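S.K.: How does the following fold in three dimensions:
(one chain, ligands or ions: 1)
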Amino acid sequence: MIRFYAENGLFHLQTCEFSYVMQVLDNQQLVHRYFGKKVNRFSSSNKMTYLDRAFAPSPISGNRTFSLDALPLEYSSNGLGDFRSASIEVRNDFGVGLDLKYRAHRISKGKPALEGLPSSFATDDEVETLEIDLYDALTDITLTLFYSVFEEANFLARSAKITTGEHATKIEGCLSFTLDMPRKDFVVHSLMGRYGYEKEWTRTPLTSGRYEIGSVRGASGHSQTPFIALADEAITEDSGEIYTAHLVYSGNFKAFAETSPLHHTRWGIGLNDQAFSWQLEAHQSFQTPEALLSYTDQGLTAMTQTSHAFIKRHLVRSSFVDKARPILINNWEATYFDFTEEKILELAQTASQTGIELFVLDDGWFGRRDDDESSLGDWFVNRAKLPHGLEGLARSVNGLGMEFGLWFEPEMISIDSELYRAHPDWAIQITGRDPIYSREQLVLDLSQDQVCDYIIDSVTRILESANITYVKWDMNRNITSMPETVANGERYEFHHRYMLGLYRILETLTMRFPHILFESCSGGGGRNDLGMIYYMPQAWASDNTDAIGRLSIQEGTSLIYPVNSLGAHVSAVPNHQVGRVTPLETRGNVAMMGGAFGYELDLTSLEQEEIDEITEQVATYKSIRATVQNGQCYRLARTSNTQSTIYVNEDQSQAVFTFVKILAQPEAPLIQVRLKGLDPEAQYHCPRLKETFYGDELMNIGLTMPHVQKDYFSVQYIFNKL
Ligand code: GLA
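M.R.: Numbering: from 1, shown residues only. Now for the predicted structure:
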């Protein structure tokens with residue numbers, strides 16, 4: 001709900017849980033008044049406090065109490081008296097900064113899409129949008145702020161658009177939002193990490209100064225996620241306030257929170273201003289990516305569940321959003337580049353006997369690709385390896401009762417490729433400099449339309465050539481050596497133009513092939529963000545397939561992203577990344593906690609006993625798939641040595657509980673775990689325990705975990721309501 005009160009210039013935006021209030025002051029400055037637990041009214045009794053602060057410049061002569069440096073500004077500019085981090089920075093013939101004054105606003109049902117960028121969507125009944133125009137008279141620049149209120153889903157989408165009038169300007173930074181909060185006692189939650197160790201849930205107390213994360217890799221990266229949250233110090237799973245912000249973007253971004261000397265916090269998220277600027281000529285516009293804000297006072301579980309529900313309903317565009325995701329076998333860790341059609345069919349044959357539903361052919365099927373040093377860009381099948389082509393292979397796999405999927409890395413070009421020999425100028429590089437190598441490949445220049453068209457055409461040709469119903473879209477290096485055009489002073493538009501090119505490609509291909517389930521990947525989770533999830537409903541969470549390593553990766557990923565977006569596979573032991581030997585049961589139990597479950601090992605080399613166990617795991621997963629993929633997720637008791645999680649389906653008729661204990665201990669204490677999300681009055685039968693419990697018993701008394709003296713122990717209990 002969006003209300004405007006003309007008598008005091010107040011905008012009051014409400015979702016079911018929070019209020020967001022802004023006010024136009026007498027001098028037309030737009031200030032932020034409140035973001036937090038929903039209030040029915042924000043009355044005029046709540047007045048701004050103005051104080052004469054030393055060294056706080058004022059735009060009003062004779063009024064020493066009015067300073068932009070002390071006001072909670074809704075969207076701030078550089079250079080004109082606010083010394084904190086600005087929402088927008090511009091430079092033009094007039095100098096720096098914008099004096100942004102309210103000019104007009106519009107409220108409408110529904111939500112406009114953002115041109116060329118992924119963004120949230122809803123029906124006209126589910127969302128209302130407020131647009132506020134702020135105007136700087138000297139430079140003739142209009143800044144439009146967009147606020148879309150998803151009342152039921154408890155989210156607010158924000159973005160900004162800069163439009164020039166008679167004069168050109170350079171944008172040197174523009175965030176999707178900033179917000180000034182009247183307190184600083186927050187703990188910042190973010191998802192950090194590195195290759196093979198993505199999305200580690202990190203909590204950092206915000207003391208004095210500034211906390212910032214971001215990426216300048218040309219992708220969101222393994223190390224940082226376009227997400228930031230400010231929480232109460234004492235937040236728990238079930239109580240406490242938390243403010244969250246996602247950015248719907250896959251390229252360079254930054255998120256920050258900084259305290260002011262007056263004990264306020266300014267925080268925000270948006271495009272990274274490092275290596276960024278954008279030239280607008282007269283009468284042109286620039287649209288920022290979208291930020292998604294939410295708030296709850298019900299703790300971390302509520303934050304997670306609200307985020308999952310919103311992303312599934314209002315951001316994932318694929319028709320697969322809540323459809324059962326197929327159990328797959330991927331040949332990467334089974335064969336790497338070294339395969340033949342015969343080997344692939346042998347693997348597929350064994351997989352089909354276990355009940356696996358989809359075969360994914362990974363890297364190495366095209367050009368002359370026998371290692372990672374050649375052929376990216378040459379998207380034609382290697383007949384030496386696959387004599388019957390993709391069409392023949394897909395037909396054989398289909399004949400085994402399985403679907404067929406294919407790996408691509410379309411944004412890349414190998415120096416040793418026919419494509420590079422024909423079009424060296426399509427690779428991103430600086431003429432006269434040696435290339436900067438990463439996996440011996442370069443990145444294609446998606447700021448060029450013809451390059452994007454080549455990718456669209458070549459991927460289309462392959463996808464139309466065989467019965468392919470799944471695509472793993474990989475991206476295995478970051479961008480360096482951008483050739484920037486220098487005009488009107490220096491400009492750094494390359495990274496954002498790359499993203500606009502990529503989004504055009506993804507838009508075209510995902511709309512053209514709606515029957516294909518797309519999974520994104522970047523050496524695992526190197527670009528696992530909401531920009532990609534908009535087009536591709538699942539992501540390969542990490543190249544680290546070790547069950548123990550996966551615990552923190554899956555916890556962090558599912559903290560905000562839907563469980564069914566999380567690709568998780570059982571792999572061989574000793575594990576290829578860390579050498580650890582874990583039981584097949586634990587590998588299965590941990591991977592089953594991911595919503596896009598599968599296998600990635602050479603099934604043909606296993607003992608019959610192991611194949612039987614896998615056949616059982618596959619059958620079990622089919623019986624719990626709907627609960628894991630589309631149920632509610634609760635993190636239960638956990639320590640550095642244990643993790644427990646439960647998924648409960650919508651009507652509370654089934655729950656899937658998983659407990660993992662990493663290392664055995666001498667004289668280990670008994671562990672009692674209380675479950676959550678069950679119907680307290682109902683009786684639940686656990687086939688594995690051969691016992692029946694009441695929901696309230698399981699939730700209030702809890703379950704005692706088996707006392708097993710083994711490393712890497714895990715147990716999965718399924719509870720079915722009687
Ligand atoms: C990346 C992916 C892997 C695999 C390889 C193939 O590293 O994350 O899963 O597809 O590329 O080269």
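
S.K.: residues contacting whichever residue of the stretch 601-722 of the chain sits closest to the ligand?
M.R.: Using Cβ to the nearest ligand atom, the single residue of the stretch 601-722 of the chain nearest to the ligand is L601, 12.9 Å away. No exception for glycine: its C-beta is placed from N, CA and C like everyone else's. L601 makes contacts with 333-334, 570-572, as judged by Cβ atoms under 8 Å, 6 or more residues apart in numbering.

S.K.: Show the backbone phi and psi for the residue most central in space within the chain.
M.R.: Residue closest to the average C-alpha location in the chain (Cα atoms, centre = their mean): D529, at 2.4 Å. Main-chain dihedrals, D529, degrees, to the nearest 10: phi -150, psi 180.

S.K.: And for the one 3 residues further on?
M.R.: Dihedral angles phi and psi of M532 (degrees, to the nearest 10) take the values phi -80, psi -40.

S.K.: which residue packs closest to the closest residue to the ligand within the chain, ignoring adjacent ones?
M.R.: In the chain, the residue that lies nearest the ligand is D363 (3.5 Å; Cβ to the nearest ligand atom). Ranked by Cβ to Cβ, 6 or more residues apart in numbering and with sequence neighbours excluded, the top spatial neighbour of D363 is W407, at 5.4 Å.

S.K.: Under a three-state scheme, what state does the one you found occupy?
M.R.: Following DSSP: H, G, I helix; E, B strand; the rest coil, W407 is assigned to strand.

S.K.: coming back round to it: grab the nearest non-local neighbour of the residue of the stretch 601-722 of the chain closest to the ligand.
M.R.: Nearest to L601 is A572, by Cβ to Cβ, 6+ apart, at 4.0 Å.

S.K.: For the spatially closest residue to S522 that is not a sequence neighbour, give me the pLDDT.
M.R.: Nearest residue to S522 in three dimensions, chain neighbours excluded: M475, at 4.3 Å (Cβ to Cβ, 6+ apart). pLDDT recorded at M475 is 98.

S.K.: any idea how far T340 lies from L393?
M.R.: To L393, T340 is 11 Å away according to Cβ to Cβ, to the nearest Å.

S.K.: wait, E555
M.R.: With Cβ to Cβ as the criterion, E555 and L393 are 37 Å apart.

S.K.: Could you do W332 as well?
M.R.: 16 Å.

S.K.: How about T460?
M.R.: 19 Å.

S.K.: just Y20 next, same as before
M.R.: Distance from Y20 to L393, by Cβ to Cβ: 54 Å.

S.K.: With L636 instead?
M.R.: From L636 to L393 the distance is 43 Å (Cβ to Cβ).

S.K.: These two: which has the busier surroundings?
M.R.: The neighbour comparison of L636 against L393 (other Cβ atoms under 10 Å) goes to L393, with 25 against 21.

S.K.: May I ask which helix or strand encompasses the nearest residue to that one once chain neighbours are set aside?
M.R.: Of all residues not flanking L393 in the chain, L386 sits nearest, at 5.6 Å (Cβ to Cβ, 6+ apart). Per DSSP states H and E, L386 falls between elements, in no helix or strand.

S.K.: what residues does the stretch 301-450 of the chain put near the ligand?
M.R.: 332, 362-363, 372, 407 (Cβ under 6 Å from any ligand atom).

S.K.: got the contact list for S285?
M.R.: Residues in contact with S285, defined by Cβ under 8 Å, 6+ apart, are 161-164.

S.K.: Give me the distance between it and L114.
M.R.: Taking Cβ to Cβ, one finds S285 at 11 Å from L114.

S.K.: F155 too?
M.R.: As judged by Cβ to Cβ, F155 and L114 stand 15 Å apart.

S.K.: got it, and R395?
M.R.: 41 Å.

S.K.: which one of those two has more residues nearby?
M.R.: Ranked by neighbour count (other Cβ under 10 Å), R395 and L114 place L114 first, with 19 against 14.

S.K.: Domains in the chain, by residue range?
M.R.: If you go by automatic domain parsing, the domain ranges for the chain are 2-314, 328-534, 642-721.

S.K.: and the biggest strand by length in the chain, what does it pack onto?
M.R.: Longest strand of the chain, by residue count under DSSP state E: strand 169-181. Applying 3 or more Cβ pairs under 8 Å, 6 or more residues apart in numbering; DSSP states H and E, one finds that strand 169-181 contacts strand 30-37, strand 88-92, strand 155-164, strand 242-248, strand 265-271, strand 278-280, strand 290-296.

S.K.: okay, the ones you listed in TSV with distance to the ligand, mean neighbour count and mean pLDDT next?
M.R.: Putting the helices and strands packed on strand 169-181 into TSV (distance: least, Cβ to the nearest ligand atom, whole Å; neighbours: other Cβ atoms under 10 Å; pLDDT from 0 to 100) gives the following:
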stretch	distance to the ligand	mean neighbour count	mean pLDDT
strand 30-37	38	18	98
strand 88-92	36	22	96
strand 155-164	31	23	98
strand 242-248	23	25	98
strand 265-271	26	25	98
strand 278-280	32	19	94
strand 290-296	27	25	98
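
S.K.: With distance to N641 as added columns, please give the ones you listed in JSON lines.
M.R.: Putting those into JSON lines (distance: least, Cβ to Cβ, whole Å) gives the following:
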{"stretch": "strand 30-37", "distance to N641": "36"}
{"stretch": "strand 88-92", "distance to N641": "47"}
{"stretch": "strand 155-164", "distance to N641": "36"}
{"stretch": "strand 242-248", "distance to N641": "26"}
{"stretch": "strand 265-271", "distance to N641": "34"}
{"stretch": "strand 278-280", "distance to N641": "49"}
{"stretch": "strand 290-296", "distance to N641": "29"}
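
S.K.: So which of those strands is nearest G525?
M.R.: strand 242-248 (15.3 Å; Cβ to Cβ).

S.K.: Provide the strand pairings for that closest one, with the direction of each partner.
M.R.: Strand 242-248 pairs in its sheet with strand 227-232 (antiparallel), strand 290-296 (antiparallel), by DSSP bridges.

S.K.: Would you format those strands as JSON lines with distance to T207 included?
M.R.: Converted to JSON lines, the strands paired with strand 242-248 look like this (distance: least, Cβ to Cβ, whole Å):
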{"stretch": "strand 227-232", "distance to T207": "13"}
{"stretch": "strand 290-296", "distance to T207": "23"}
